[in-house]
Structures are given as structure tokens and as C-alpha cells.
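J.: Sequence first, predicted model second:
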Amino acid sequence: MKQVQIAAPGGLENLVAVDAPEPREPGPGEIRVRVHASSLNFHDLIVASQPDWVPDGRIPLADGAGVVEAVGPGVEEFAPGDAVVSGFFPQWLSGDDCPGDFNGTPGDGIDGFARERVTMPATSFTRAPRGWSHAEAATITTAGLTAWRALVVNGGLKAGDTVLVLGTGGVSIYALQIARAMGARVIATSSSDAKLERVRALGAEAVINYRSTPDWGAEVQALTGGRGVDHVVEVGGPATLDQSITAARIGGHIALIGVLTGRGGEVPTSKMMAKQQRLQGLIVGSRRQQQDFVAALEATGIRPVIDRHFPLDALREAFEFQAGGGHFGKIAVDI
């Protein structure tokens, strides 16, 4: 079978396509899946582009969607022919005992989905939404579930709330769609006026170009009559957090899910304390949360926004396109 792996010492120039043996037959509690699609996330880009991040030969990509080919003894949840999608933390089935590292994450601590077939525990997957393409389903694993957990699981999103989304990447676009489907208002930021017009078309009530309006936190306050937003989907990190704190209301919720502007920096603690806000870091979610999200997608009719498709043998080009930042929504990899 075909697969792409990261040769030592790592970096995009060391993504190598190889012919690999077919996976073994599934044992007790396992399934074999023909992988048809993946999608790119910032985490995947870090893993693939940083030297010495993973062992020689690691297979990248955390997201995987496809069809069950065979099931092992004791598997009752799935049958051959079922459409499935992978989980980011296969070991985190439910509850609050979440992982604190990426040791079990496909494409990082273990081999991922840049390959045609995998044999894994059945609990490493959930069913995919009915009627979705494999590329659409592959957007659920990381970006979709992150947005769902940020707003619904942790944030308690309800109709009438106001949500601020930063940028137009996969998580932010999913957050916009979830918020609108649940009756919330959305304010969106971007450095591109063209992209802002696209988020308006998706239902954003107000938009802000953060390059022409660098004090966008104050602009959000003005747009909400001085109250601030109930939720911020904070994907930037240290360079945007101060503005997000300004933008959020007293007692508001800030979901810290990204480090696009760096991994460390100052936090305006006194301002956050004065506004009595809740800043919560999170990384994706559990299998149970993904199952709930799939049910919500089917109930609401949300469909993901995919900017572009790349074949597996053009994975390096896909990552380079992602690194350029010109995409809107998700980038799919067809396998």
C-alpha cells in the first residue's frame, strides 16, 4: 500500500512516499479501515516541518476518514462498509481525565493516516455523519471537534450569545457555523477583506480587518454596545490574547486553542481578573464528545468548508500551501 512518512531528521523536505506492507488482519476489538481522506491542521504542520520532532519513519496526519473493511472478534459497533472517522485522542473515550500530551495522537506519538489502510482499535474511530464525503468527515477529528468543545462543551453556548472568532482557518470557520446553527451571533476577524466577505456570507453579523483596525478588541466592545462578547475562540495565542480579553464581556469565556503567534508571552492578568473572565486551554476532545458532535452535525445540517484538495503524493505541496496562510477553512488530502 502507499503511505507517506517523515524521514530523519524531519522537515517538509523529508516527507517520503513509500510502498509499505498491508496492515495485519484485525484482532479482538480492532477494525481495518481503508483510509480515503485526511485534512491538515496546524499541529500536523508543526510535526511535519520541525526537525527531530518525531522518530524516523513516523507517518503523519492526525485526521483520517474511510470505510471499515474488516472487524475483529468482539466488535459490534461497526461492520464492513461503515463510514468512519478517527479520533485525535484514541485513548480518551469519555469523562474529564483528558490526556496531557500527544503520546497517543496519530501522526505524532503514534503513526497517523497518511496511508491507504490502518488496523486500529475500534474505539479509535466513531461513525461519520450520514451522507458526508470522506474529505468532509476528515475535518471533524481535530478542527471540528475543537470548535464544538470550545463553544458547546466548555463554553455552554446558547441561543442569543455572541461569539468572536479569530481568522478564517478550519477551527474558526467551524466555530462560526456551530454558533450560527445554535442561534448565536458571530463577529469575525481577518486581515483579508475578501475573506471577511466570505465569512459574512456564512452568517457573521459583523467583521473586522485586524490590520486596518489593530485595536480590534475595542471595536468588538463598540459593536456589542460596550458589553463585549460571551465567547472568544482564541487561536492566536500571546499576540492576540490581550485584545481577546478586551473583547470579551465581564465574566466571559475565552477558549485558548491555538498558538499561531507563539508559545509563550505575557498575560494581562490584572485586566482578566478585573473582568472576572474564564480562560480555558483545550486540545480537541474525547470520543464521547466526537459522537455528540457527529449527532449535532446531522441535526443541524452543517457542512464543512474545504478550500482545496491535494492527493497524498502531493502532501508536501499541501503543507506548503497551508503554511502560506491563504486558505479559507480546511485543506483536504485525498488518499
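T.: Thanks, I have the structure now.
J.: mind listing what the residue in the chain sticking out farthest from the centre touches?
T.: Within the chain, the residue lying farthest from the chain centre (CA atoms, centre = their mean) is P73, at 32.1 Å. Taking CB atoms under 8 Å, 6 or more residues apart in numbering, we find P73 in contact with G27, P28, G29. C-beta: built from backbone N, CA, C; applies to glycine.
J.: right, and the helix or strand after the lengthiest helix in the chain?
T.: Criterion DSSP state H: the longest helix present in the chain is helix 287-300. Once helix 287-300 ends, the next helix or strand along the chain (criterion: DSSP states H and E) is strand 306-311.
J.: What is the helix or strand just after that following strand packed up against?
T.: Downstream of strand 306-311, the next assigned helix or strand under DSSP H and E is helix 315-323. With contacts defined as 3 or more CB pairs under 8 Å, 6 or more residues apart in numbering; DSSP states H and E, the packing partners of helix 315-323 are strand 15-19, helix 42-49, strand 306-311, strand 330-334.
J.: ranking the ones you listed by burial, who's on top?
T.: Highest mean neighbour count of the helices and strands packed on helix 315-323: strand 330-334, a mean of 24 (counted as mean count of other CB atoms under 10 Å).
J.: That one pairs with which strands, and in what direction?
T.: If you go by DSSP bridges, strand 330-334 pairs up with strand 30-39 (antiparallel), strand 306-311 (parallel).
J.: Quick check: the gap between the nearest residue to E317 once chain neighbours are set aside and Q322.
T.: Spatial nearest neighbour of E317, excluding adjacent residues (CB to CB, 6 or more residues apart in numbering): F310 at 6.2 Å. Going from F310 to Q322 by CB to CB, to the nearest Å gives 10 Å.
J.: cool, R32 as well?
T.: In terms of CB to CB, R32 sits 29 Å off from Q322.
J.: in what helix or strand does the closest residue to G109 other than its chain neighbours lie?
T.: Excluding its sequence neighbours, the residue lying closest to G109 (CB to CB, 6+ apart) is N103, at 3.9 Å. In the assignment (DSSP H and E), N103 maps to no helix and no strand.
J.: what packs against the helix or strand harbouring T119?
T.: Per DSSP H and E: T119 is located in strand 117-121. Here strand 117-121 touches strand 30-39, going by 3+ CB pairs under 8 Å, 6+ apart.
J.: Mind listing what's buried along the strand it packs on?
T.: By 16 or more other CB atoms under 10 Å, the buried positions in strand 30-39 come out as E30, I31, R32, V33, V35, H36, A37, S38, S39.
J.: would you turn those residues into CSV with pLDDT and distance to E13?
T.: Shown next, in CSV, are the buried residues of strand 30-39 (pLDDT from 0 to 100; distance: CB to CB, whole Å):
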residue, pLDDT, distance to E13
E30, 98, 35
I31, 98, 34
R32, 98, 32
V33, 98, 30
V35, 98, 24
H36, 98, 27
A37, 98, 25
S38, 98, 20
S39, 98, 22
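J.: Out of those residues, which comes closest to Q291?
T.: Taking CB to CB as the measure, Q291 lies nearest I31 of these, at 16.0 Å.
J.: Quick check: that closest one touching T126?
T.: No - in this structure I31 lies outside contact range of T126 using CB atoms under 8 Å: 11.8 Å.
J.: joint contacts of these two?
T.: Contact criterion CB under 8 Å, 6+ apart; residues shared by I31 and T126: V84.
J.: Tell me where the stretch 51-200 of the chain has helices.
T.: Secondary structure of the stretch 51-200 of the chain (DSSP state H, counting those that start in this stretch): helices located at 134-137, 145-148, 170-181, 193-201.
J.: Alright, I will stop here.
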